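Participant: next comes the sequence, and after it the predicted model I'd like to discuss.
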Amino acid sequence: MFVDDIISSGRTMIEATRLISAKTKKTPVCVAVHGIFADNSDLLLAKARARVVTSNSIAHATNAVDIGPLLTPAIRELMTGAAQVPRSSPAIR
């Protein structure tokens, strides 16, 4: 299993899939939080016989992880002013 924050061009995942596929018959699993899939990289990963799993942060057929329950409480706290986030936080711009 490979885990990354973003699959954009897919080059890293494709190369890792090829390396692992050469060593084992198991289907490589590529997991990412954000599946951007530029330049049809999702099709290239499928061609490389990888199973791809992403969160639903960007709608795609590979979405299998729902991040809504993780984000909802934090967003609610920010909207109600209950969150104590320092202004110097990198999340606040």
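Facilitator: Done, it's in.

Participant: how about the nearest residue to residue 7 once chain neighbours are set aside, secondary structure?
Facilitator: The shortest distance from residue 7 to any non-neighbouring residue, by Cβ to Cβ, 6 or more residues apart in numbering, is to residue 32 (4.3 Å). (Each C-beta comes from the backbone N, C-alpha and C, glycine too.) For residue 32, the secondary structure call by DSSP: H, G, I helix; E, B strand; the rest coil comes out as strand.

Participant: what ranges do the helices span in this protein?
Facilitator: Secondary structure of the chain (DSSP state H): helices located at 11-23, 41-47, 68-80.

Participant: and the average pLDDT for the first one is what?
Facilitator: If you average the pLDDT over helix 11-23, you get 94.

Participant: counting contacts, what elements does it pack onto?
Facilitator: Counting contacts by 3 or more Cβ pairs under 8 Å, 6 or more residues apart in numbering; DSSP states H and E, helix 11-23 packs against strand 2-7, strand 29-35, helix 41-47.

Participant: of the helices of the chain, which stretch is the most buried?
Facilitator: helix 41-47 (a mean of 16; mean count of other Cβ atoms under 10 Å).

Participant: mind giving me the packing neighbours of that one?
Facilitator: Taking 3+ Cβ pairs under 8 Å, 6+ apart as contact, the helices and strands that helix 41-47 lies on are strand 2-7, helix 11-23, strand 51-55.

Participant: now with 7 Å, please.
Facilitator: Helix 41-47 sits against helix 11-23, with contacts defined as 3 or more Cβ pairs under 7 Å, 6 or more residues apart in numbering; DSSP states H and E.
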